[in-house]
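In: have a look at this fold, sequence not included:
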Ligand code: HEM
């Protein structure tokens, strides 16, 4: 990847992360009022003064933003203020005031992002490195989790900072595999089987590294804090009727102008990284995240077009990625996938032109999909621990004690519950747990995992269910 290619697609030596640390403050002093509110966000939310502070803000122009890091910083500030304003008090706010809406729409347009807190705002552009040497400007790399912290959080908790920066470390750790995989696609066009095989093996090693980082989520992110305090602030305005936003949020531009919008909330599902892996390998996902689908390839392939989801979750969330990253995925999607190459090689093997090289390639590809499916399975275990189990505990507590005694079942001091966490778990919520992005969680994530595994299954006699039992050990309650 040369410099102009990277620049064209908003990539860096750190992959989808910026090359340098994100700005911790906008240099133009006219933005001091925004910075001041963001600096004190957790305490203002705790003492319920946030909304009134925001209502007193002037409508600031975006003319003072000059560099890309400044536009990103402005986006981070305004989307944090947006979610804090909407979910930070009861009742939830259906109308976003012009002092946020006007600059936010301009900044979002510039970055080609929706006017809502996305993975870019919460993770990609929201971290700092601790413990570096200021004199020599030497910093720890962005994949050193022990030296990362989030620039901003809603709650001021270590759990929230850790939740954000685990993804930062994963993005950075995966950066080196991006050019390896792109070179493999190119090698495939030259029919260079050993190079493609070697790249797939490096990919497997990379996925194992990512899996170790993902497994560190438990070290400093408390599931109860995540579920009850952090997650409510990440919620969007789509499918949120039960939480006080039947029409979404009105983005008020003043002078009687404005628009109702329904947008997904912030989610790691908006990361370009796993989508990049899927596309290069040739793994396709079809769930829109709203229907419980069987996940069986047979049932999908026999479905009539009218029964298929109009737009899948993975396609939809590309609209929640920065414009250059979205275009990068489109660029890669237009290249032939490694799966197509492996299928062709397998065809040759079947027609008696078999070579050890081709067999080894097929095995390497299957191992790559197994590794990625195992990572997704580990993620399923995390979702179970951080969303499903706390949700069931909430329901059990409500059934037993009534809502007023809810806090008694937790070790942590009772914080104020908001939005997603504040309402009694209704029957629908119990049956169909939704993610912050509005997905029906477990069926969607299991289908995504199974599609990953299925892409590497070539022999018709191999049963995916059997593979799930062998290759993928269900993790901490993530049912297969
Ligand atoms: C406490 C930690 C985490 C929780 C509770 C969690 C929760 C979720 C939920 C609820 C979804 C469903 C989609 C949605 O509603 O938007 C999802 C999807 C997803 N998450 Fe996470 N997540 C966590 C950590 C991570 C991390 C660290 C990554 C790595 C970058 C990640 C990557 C993904 C991806 C790629 C998807 C889309 C589904 C797929 O392609 O497999 N998640 N996550």
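Out: Arrived safely, thanks for sending. Note that the structure is predicted; figures quoted are calculated from it, not measured.
In: center of the protein, which residue is that?
Out: The chain has residue 268 as the residue nearest its centroid, 1.3 Å off, counting by Cα atoms, centre = their mean.
In: give me the nearest residue to that one, chain neighbours excluded.
Out: residue 167 (5.5 Å; Cβ to Cβ, 6 or more residues apart in numbering). Any C-beta I mention is one placed from the backbone N, CA and C, and that applies to glycine too.
In: residues contacting that neighbour?
Out: Residues in contact with residue 167 (Cβ atoms under 8 Å, 6 or more residues apart in numbering) are 119, 123, 268, 271.
In: same question for residue 155.
Out: 42, 45, 225, 229-230, 233, 415 are the contacts of residue 155 under Cβ under 8 Å, 6+ apart.
In: among those residues, which ones are in helices?
Out: 42, 45, 225, 233 (DSSP state H).
In: pull out the buried positions in the strand or helix carrying residue 186.
Out: Assigned by DSSP states H and E, residue 186 falls within helix 177-189. Buried positions in helix 177-189, judged by neighbour count with 16 or more other Cβ atoms under 10 Å: 177-185, 187-188.
In: what do you get for stretch 215-225?
Out: Neighbour counts using 16+ other Cβ under 10 Å place 217, 221-225 of stretch 215-225 among the buried residues.
In: follow-up on the earlier one: just checking the distance from the helix holding residue 186 to the centre of its chain.
Out: In this view, helix 177-189 has its centroid 24 Å away from the chain centroid, taken as Cα atoms, centre = their mean, to the nearest Å.
In: helices and strands of this structure: which one has the lowest mean pLDDT?
Out: helix 297-301 (a mean of 27; mean pLDDT, DSSP states H and E).
In: and the next element down the chain from that helix?
Out: helix 313-316.
In: re earlier: residue 247: which of the buried residues of helix 177-189 is nearest?
Out: Nearest to residue 247 among the buried residues of helix 177-189: residue 178, at 40.5 Å, using Cβ to Cβ.
In: which residue sits closest to that closest one, ignoring its sequence neighbours?
Out: The nearest residue in space to residue 178 (Cβ to Cβ, 6+ apart) is residue 15, at 5.6 Å.
In: who does the one you found bridge with?
Out: Note on residue 15: beta-bridge partners residue 12, judged by DSSP bridges.
In: so for it, what's the pLDDT?
Out: As summarised for this prediction, residue 15 has a pLDDT of 98.
In: for it, give its distance to the ligand.
Out: Separation of residue 15 from the ligand (Cβ to the nearest ligand atom, to the nearest Å) stands at 11 Å.
In: list the contacts of that residue.
Out: So residue 15 contacts 171-172, 174-175, 178, 273 (Cβ under 8 Å, 6+ apart).
In: surely residue 58 meets residue 33?
Out: Yes - under the criterion of Cβ atoms under 8 Å, residue 58 makes contact with residue 33 at 7.1 Å.
In: who has more neighbours, the two?
Out: Legend: neighbour count by other Cβ atoms under 10 Å for residue 58 and residue 33, higher for residue 33 (16 against 9).
In: for the ligand, what are the nearby residues on this structure?
Out: 163, 166-167, 170, 214, 217, 221, 226, 267-269, 271, 274, 376, 379, 382-383, 386-387, 435-437, 439, 441, 448 (Cβ under 6 Å from any ligand atom).
In: just the ones of those in strands?
Out: Using DSSP state E, no member of the residues of the chain next to the ligand sits in strands.
In: what about the helices in the stretch 101-250 of the chain?
Out: In the stretch 101-250 of the chain, the segments counted as helices under DSSP state H, counting those that start in this stretch are 119, 158-174, 177-189, 193-215, 217-220, 223-225, 231-234.
In: how about CSV for these, with mean pLDDT and distance to residue 10 added?
Out: Listed next are those as CSV, based on pLDDT from 0 to 100; distance: least, Cβ to Cβ, whole Å:
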stretch, mean pLDDT, distance to residue 10
helix 119, 98, 14
helix 158-174, 98, 13
helix 177-189, 98, 12
helix 193-215, 98, 21
helix 217-220, 98, 26
helix 223-225, 98, 32
helix 231-234, 97, 23
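In: distance to residue 453 added to the ones you listed, as JSON lines?
Out: Formatted as JSON lines, those follow (distance: least, Cβ to Cβ, whole Å):
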{"stretch": "helix 119", "distance to residue 453": "25"}
{"stretch": "helix 158-174", "distance to residue 453": "20"}
{"stretch": "helix 177-189", "distance to residue 453": "19"}
{"stretch": "helix 193-215", "distance to residue 453": "13"}
{"stretch": "helix 217-220", "distance to residue 453": "22"}
{"stretch": "helix 223-225", "distance to residue 453": "27"}
{"stretch": "helix 231-234", "distance to residue 453": "28"}
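In: for this structure, what are the low-confidence residue spans?
Out: Counting by pLDDT under 70, the chain has low-confidence residues at 134-138, 290-310, 349-354, 402-432, 434-439, 459-480.
In: elements contacting the longest helix seen in it?
Out: Taking DSSP H as the assignment, the helix of the chain that covers the most residues is helix 356-383. Helices and strands touching helix 356-383, by 3 or more Cβ pairs under 8 Å, 6 or more residues apart in numbering; DSSP states H and E, are helix 193-215, helix 272-281, helix 338-348, helix 441-454, helix 464-471.
In: quick one: distance of whichever helix or strand comes after it to the chain centre.
Out: Following helix 356-383 in sequence order, the next helix or strand is helix 389-401 (DSSP H and E). Centroid separation between helix 389-401 and its chain, computed with Cα atoms, centre = their mean, is 27 Å.
In: same question for stretch 263-278.
Out: With Cα atoms, centre = their mean as the basis, stretch 263-278 stands 4 Å off its chain's centre.
In: ok, now stretch 245-263?
Out: On the basis of Cα atoms, centre = their mean, the separation between the geometric centre of stretch 245-263 and that of its chain is 25 Å.
In: next, the buried residues of that stretch.
Out: 245, 248-253, 258, 261-263.
In: can you tell me what sits against it?
Out: For stretch 245-263, the external contacting residues (Cβ under 8 Å, 6+ apart) are 59, 86, 92-98, 101-102, 104-105, 114-116, 236-240.
In: one more: stretch 270-279?
Out: So stretch 270-279 is contacted by 15-16, 118-120, 123, 167, 170-171, 174, 178, 181, 203, 264, 283-285, 314, 317-318, 320-321, 325-326, 328-329, 332-333, 337, 372, 437, 452 (Cβ under 8 Å, 6+ apart).
In: grab the nearest non-local neighbour of residue 38.
Out: Nearest non-adjacent residue to residue 38, counting by Cβ to Cβ, 6+ apart: residue 77, 5.2 Å away.
In: give the other helices and strands that the host helix or strand of the one you found contacts.
Out: Element membership for residue 77 (DSSP H and E) is helix 68-87. Contact here means 3+ Cβ pairs under 8 Å, 6+ apart; on that basis helix 68-87 packs against helix 32-39, helix 41-46, helix 50-55, strand 95-96, helix 98-111, helix 231-234.
In: buried ones in the third one?
Out: Think helix 50-55. So, applying 16+ other Cβ under 10 Å, buried residues of helix 50-55: 50-51, 53-54.
In: now the fifth one
Out: Applying a neighbour-count criterion of 16+ other Cβ under 10 Å, one finds 98-108, 110-111 buried in helix 98-111.
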